[in-house]
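Student: Everything below, folded, please.
(chains A and B)
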Amino acid sequence: MIKVKELSKQFGENLVLNNISTTINQGEVVAVIGPSGSGKSTFLRCLNLLEEPTAGDIFIHDQEITLPKTNKLEVRKNIGMVFQHFHLFPHMTVLDNITYAPQKVKQIPKSEAVEIGKDLLSKVGLTEKEDAYPNQLSGGQKQRVAIARALAMDPGIMLFDEPTSALDPEMVKEVLDVMKDLAQTGMTMVVVTHEMNFAKEVADRIMFLDEGKLMEEGDPATFFQQPKTTRAQDFLGKIL
Amino acid sequence: MNLDFSQIVPYIPFILEGIWATLKFVSVSIVVGFVLGTLLALCKITKIPGLKALADAYTSIFRGTPLILQLMLIYFAIPQLTGYDISPFLSAIMAFGLNSAAYVSEIIRAGILAVDRGQTEAAEALGIPYKPMMINIILPQALKNILPALMNEFITLTKESALVSTIGYLDLMRRAQIVGADLYRNFEPLLFAGLIYWIMVFILTKLGSLVERRMRYSD
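Tutor: Numbers count the residues shown, from 1 in each chain, chains lettered A, B, ... in the order given. From the prediction side, this is the model:
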C-alpha cells in the first residue's frame, strides 16, 4: 500500500507537484494521466525517491520513506520501475540485465537468479533472446526485457513511466499485453500513460493531474464518461 | 655523407636493454595513473564539496606545471627534505604516475558524464549500491567511449618517458646518449632509439585497437 500525504515538489521557483494526497491499495492498478508538464512523471519518481519531495510524506506499507534517515536502496528493492526509454544496460546480455540486480542486491546465487531470469523471459515471450544484447532488440522487446528486469527483484509495487511513449505504434500492444498480464496477477501498479484505452480497460482508478495538482480521481468508467472538472473535460476533449 | 651504422652494432645490446628499463616504469606509471585518475574522476563528480575541490586542485597543479619540473622536484627535493635517497626508478614512477593521473581523471570524468543519466537511474531504481553500479554498469560504458583518448594519453606517456634521462635513469634515451658520447657520433644511436620508440608506440596502438574492437561486442 502506498499512502501519499500533501506531497509537493519544487524545482527552484517551479512548483511541479502541489499538495497531492492519495492512497493506492494493495493490488490496485492506478493510471496517472494528464497533459505534459502536469507533474505525472515527477509524482511517480517521488514514490521511489528518484526525486526527493520538497514537502509531504510518503508511506509504503506503513513505513515512512520520506524520513531523512530512510535507506533509499532498501525502499527501492521492493519497488520496480520501468522507464520510457528502457535504460537497459547495453554492455550486458538480456539475461545478465535481468539477473544482475538479484545477485548484487539480494545476494541470490547465480544459478537461482538465472532460473528466475529465464522464467521471466518466457513470461514476456523472449526466451530465445536471452543471449542477445539490447542493441539487437526492437523497442517493444527492450521494454519487455526492462519489465522482466524490474520483476526479477520480486517487487511488491511496479511503477511505469510512460512505458509505451517511445515505441513504434505496432509495438505498443506487445508491451501493454505484458502489463495486462501483470495486472491480473494482483501486482500493485502505478502507470503514467497516454494510452487511454489501457487506462480504461486495465486501471482500477484514474488519477488526473494538471499543473502539479491532483484535479480529480475516480474509477475509469466515471472519469471518462463524466469528468467532473473542466480541466479534465478539456483534456479528454482534445485526446479522445 | 658521414653516416656509419656499423659502429653502433657493438652497442645494440646495451641500447636494447633500455627497452625493458623504459617499459618497466612506463607500465607501472600507466597503472598508477589509471587507478589514481579513476579515483580522482569519481571525486570530481561527487556531491561532496571537499573531495571535488581537492581533486580539482590536484589536476590544476599537475597539469599546470612542467612534467620535467615535477620529476626534478621529486628526485632532488625528497632527499633534501626527508633525507631519503629516492631512486631514479621510484622518482620516475611517482612523477609520471601522478602527472598522468591528472590527465586521465579528466578523460574519465568526461567519459562518466557522457553515459546516459538513465543508466544511473535504472541502477538506483533496482536498489544497486554506488560501488557495484560504478564498477559494473557506469565505468564499463564510460571506458568504451574514452578508449581512444586513453590510448592517446598512454602513447604520450610512453614517449615523454624519455625525460627520465635527465635524472640519470638508464632508459632507452639515456643509453642512446651514452653511446653517442662514447662514439662521438650522435645521429646513429639517436635514430636507432627513435626507431625503437616508434615500434613501441606502434605496438601500443595495435593493442589499443584490439581492445577497442573487443569492447564493441555489444553493438
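Student: Tell me which helix or strand A:Val30 sits in.
Tutor: Following DSSP states H and E, one finds A:Val30 within strand A:29-33.
Student: Show the subsequent helix or strand relative to the helix or strand bottoming out on mean pLDDT in chain B.
Tutor: The least trusted helix or strand in chain B, going by mean pLDDT, DSSP states H and E, turns out to be helix B:78-82, with a mean of 90. Where DSSP H and E defines the elements, the next helix or strand beyond helix B:78-82 is helix B:88-114.
Student: just checking, what packs against that following helix?
Tutor: Applying 3 or more CB pairs under 8 Å, 6 or more residues apart in numbering or on different chains; DSSP states H and E, we find helix B:88-114 packed against helix B:12-45, helix B:49-64, helix B:67-72, helix B:139-160. Where you see a C-beta, it was placed from the backbone N, CA and C, and this is true even at glycine.
Student: gap between the last one and the chain center?
Tutor: Helix B:139-160 sits 9 Å away from the centroid of its parent chain (CA atoms, centre = their mean, to the nearest Å).
Student: and that helix, which residues are buried?
Tutor: Of the residues in helix B:139-160, B:139-144, B:146-147, B:150-151, B:153-155, B:157-158, B:160 count as buried by neighbour count, 16 or more other CB atoms under 10 Å in any protein chain shown.
Student: which of the residues you listed come close to chain A?
Tutor: B:Pro140, B:Gln141, B:Lys144 (CB under 8 Å from any CB of the partner chain).
Student: Go through those residues and name the one nearest A:Asp234.
Tutor: B:Gln141 (43.2 Å; CB to CB).
Student: if we can go back for a sec, identify the farthest-apart pair in the buried residues of helix B:139-160.
Tutor: B:Gln141 and B:Glu160, at 29.3 Å, using CB to CB across the buried residues of helix B:139-160.
Student: how near is the nearest residue to B:Tyr103 once chain neighbours are set aside to B:Ile128?
Tutor: Nearest non-adjacent residue to B:Tyr103, counting by CB to CB, 6 or more residues apart in numbering or on different chains: B:Glu153, 5.4 Å away. In this view, B:Glu153 and B:Ile128 are 30 Å apart by CB to CB, to the nearest Å.
Student: Next: B:Leu54.
Tutor: 27 Å.
Student: higher neighbour count, these two?
Tutor: Each of B:Leu54 and B:Ile128 has its neighbours counted (other CB atoms under 10 Å in any protein chain shown); B:Ile128 has more, 23 against 14.
Student: Just to check, the more buried one is in contact with B:Met134?
Tutor: No: between B:Ile128 and B:Met134 there is no contact under CB atoms under 8 Å: 9.8 Å.
Student: Would you indicate which residues of stretch A:152-163 are buried?
Tutor: Going by neighbour count (16+ other CB under 10 Å), the buried part of stretch A:152-163 is A:Ala152, A:Met153, A:Pro155, A:Gly156, A:Ile157, A:Met158, A:Leu159, A:Phe160, A:Asp161, A:Glu162, A:Pro163.
Student: which SS state does the last one fall under?
Tutor: Taken by DSSP: H, G, I helix; E, B strand; the rest coil, the conformation at A:Pro163 corresponds to coil.
Student: same check, this time on the second one
Tutor: Classification of A:Met153 by three-state DSSP places it in coil.
Student: So it is in contact with A:Gly80, correct?
Tutor: Yes: the pair A:Met153 and A:Gly80 qualifies as a contact (CB under 8 Å) at a distance of 6.1 Å.
Student: and the one helix or strand A:Lys238 maps to, what does it pack onto?
Tutor: Using DSSP H and E, A:Lys238 sits within helix A:230-239. Where contact means 3+ CB pairs under 8 Å, 6+ apart, helix A:230-239 is packed against strand A:205-210, strand A:213-218.
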